[in-house]
Structure formats: C-alpha cells, structure tokens
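Engineer: coords below, sequence missing:
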Ligand code: SF4
Ligand code: SF4
Ligand code: FES
C-alpha cells in the first residue's frame, strides 16, 4: 500500500480527461473537465462532481458522464473502467493515489473488450454468457429442505474460497489478448429476440474467458456442483474453450480479487485432457 505524504502540496484543481461516446456504434471523443481538488475522493465521486458542474474545462455546457455502479465497495464489479491506462474498479480507485502516479490528470476510458452503451458504461452480457456456457452454478432440483449438504473438507474449502470471490467485473477479460471484442450492429427490422440470438451465437464461438474457466473449476470441486462436472468439461473442450487460452497470464496480473486464474486454467487443462481420454474409451 502506498503511504500518502500528508505534507505534499495538494493541487487546486484536478484535470479529468474522459473518453465519451454518445451511444452504441457512435464515434468516441475526448472531453476535458476541471474540478476543485478535495482530499479522499474516489473516481465515482469525481464523476458525480462533473455531473454537478455541467460544463467542460472551457466552460461549455456538458452532459453528465454515464457510468455503471452498484455496491460502491468493490463487490459487484459494475463500475469497472480503464483508469490511467489500467483496468480497475472506479469505486475503489482513490484519487490521491492516482495523482501521486500522474499529477497532471486522470484519464477515464470504458473497458476495451465490451461494446460501449454510453460513455464509460459497457455491455458485459458476453461475460455472463460465458458463465452460462460452463453452467457456473450449483444445480438444485427444488427448494424443499433436503437436510444438510455434504461436508466439505478444509482443504477443499481453502481451494474453493479464493475462486468464489469472483465478482464478474471483466478486468481479466479486458487484459486477455485472446478475448477479442465482439460488437454486432442490429439489422434493420431485426427483433430484440433475433438480435439477442445472433449475439449469443457469436459469443458462443469465441473464447469463453478465464473467469468462466475458473468458475467451472470452482463448481466442479463443489459437493453438489460436481453433478454437472462432465457438462462443464464438455463446454471447455468446445471451440472457444480452454484451448483458446494462450497462457499469456495477463488475466491473473489484473484480477482485483487476486484469484489464481492461471492455476485454475492449468487445472482445467488437466481435467479436460482426462475427460477427453475417458470419453474416447467409453465410445
Ligand atoms: S492466461 Fe489465458 S486467459 Fe489469461 S490472459 Fe493469458 S490467454 Fe487470457
Ligand atoms: S476473475 Fe477476477 S478479474 Fe476476472 S471477472 Fe472475476 S474478479 Fe474480475
Ligand atoms: S460499484 Fe460495485 S465494484 Fe464498484
């Protein structure tokens, strides 16, 4: 943790450069804002100050910047954006620390691998589609009380807990060189359902992503979740599965929850190899 120098000179203003986009498929552009310095701001507060200001650094009228957020405590993952070139959560990005690294300005951009809805808000539905592809859940067949579940060994709990902290933020996907942006345009007259189906078809052919591989390993190691282990491994063998990972390890370097993604990927590699051999003998 960087210690803040209490005696360092504080700036009078903060320059904030924001990459804006008025809607899906529109040309992005940069806008500069100047806000009064206050101690202990986070990036979300900066965006709130910009909205209250209503003008850019030249004094021209400016619409509030659009962004997404939920929990404001690095749990929901919704506020993820690229801040001074690094993908991270805007609720936990402290301005005093950012100014220590770059005293001139804050630069805010939307994540690069997801379609922009507006300004800093992106469509992360492909991320959730990836989780659906690997059935990242514990199956239940009813909501009746069925008694206590199977006990988990301590060793298993210790292996699973770090993986269970994934907040579906998308940092690992934004940093992964194998996860390429997919952005489809709606065809004239295309219904919501048809557009959704076309998007899902495109998503399902592309790399599923390290977050989904890791969640597949989490649920395959769960006493009830393992009922779907074979189906998850089948999904990871398909095109866009584990073999699409180039092992560049960018994902693990940016995960805010420090999830051991490359360990999960290695584990998934071994599990899918065994699964394929087993299936081959069962033919
Ligand atoms: S290790 Fe695989 S998933 Fe992680 S960044 Fe590299 S290519 Fe992407
Ligand atoms: S694995 Fe880490 S970086 Fe990726 S979505 Fe989950 S929390 Fe975010
Ligand atoms: S608002 Fe939930 S992680 Fe930032």
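Structural biologist: Received it, and whenever you're ready, just let me know what you need. Treat the numbers as computed from the prediction; the structure is a model and nothing was measured. Numbering: from 1, shown residues only. Ligands and ions are numbered 1, 2, ... in the order given.

Engineer: can we go C-alpha only for contacts and neighbour counts from here?
Structural biologist: Fine.

Engineer: what's the next secondary structure element after the strand or helix carrying residue 99?
Structural biologist: Applying DSSP states H and E as the criterion places residue 99 in helix 95-101. Downstream of helix 95-101, the next assigned helix or strand under DSSP H and E is strand 106-109.

Engineer: what's the average pLDDT for stretch 129-137?
Structural biologist: Averaged over stretch 129-137, pLDDT sits at 98.

Engineer: right, I mislabeled it, should have said stretch 256-275
Structural biologist: Here the average pLDDT along stretch 256-275 is 97.

Engineer: any idea how far ligand 3 is from residue 109?
Structural biologist: Applying CA to the nearest ligand atom, to the nearest Å, the value for residue 109 to ligand 3 is 15 Å.

Engineer: residue 245 now?
Structural biologist: 26 Å.

Engineer: on the pLDDT front, check residue 9 for me.
Structural biologist: 67.

Engineer: which residues touch the helix holding residue 99?
Structural biologist: With contacts defined as CA atoms under 8 Å, 6 or more residues apart in numbering, helix 95-101 is touched by 2, 4, 39, 40, 41, 42, 43, 84, 105, 106.

Engineer: residues contacting residue 156?
Structural biologist: Taking CA under 8 Å, 6+ apart, one finds residue 221 in contact with residue 156.

Engineer: would the helix or strand where it lies count as contacting ligand 2?
Structural biologist: Using DSSP H and E, residue 156 maps to helix 154-164. No. Helix 154-164 lies apart from ligand 2 when judged by CA under 6 Å from any ligand atom; the minimum separation is 7.7 Å.

Engineer: ok, back up a step: what subset of the contacts of helix 95-101 is buried?
Structural biologist: Buried members of those, counted by 16 or more other CA atoms under 10 Å: 41, 42, 43, 84, 105, 106.

Engineer: any chance of these in TSV with distance to residue 209 and pLDDT as columns?
Structural biologist: Output for these, formatted as TSV (distance: CA to CA, whole Å; pLDDT from 0 to 100):
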residue	distance to residue 209	pLDDT
41	33	97
42	29	97
43	27	98
84	24	97
105	32	96
106	29	98
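
Engineer: which two in these are spaced the farthest apart?
Structural biologist: 41 and 84 (15.7 Å; CA to CA).

Engineer: where's residue 246 relative to residue 266, distance?
Structural biologist: As defined by CA to CA, to the nearest Å, residue 246 lies at a distance of 12 Å from residue 266.

Engineer: alright, I will stop here.
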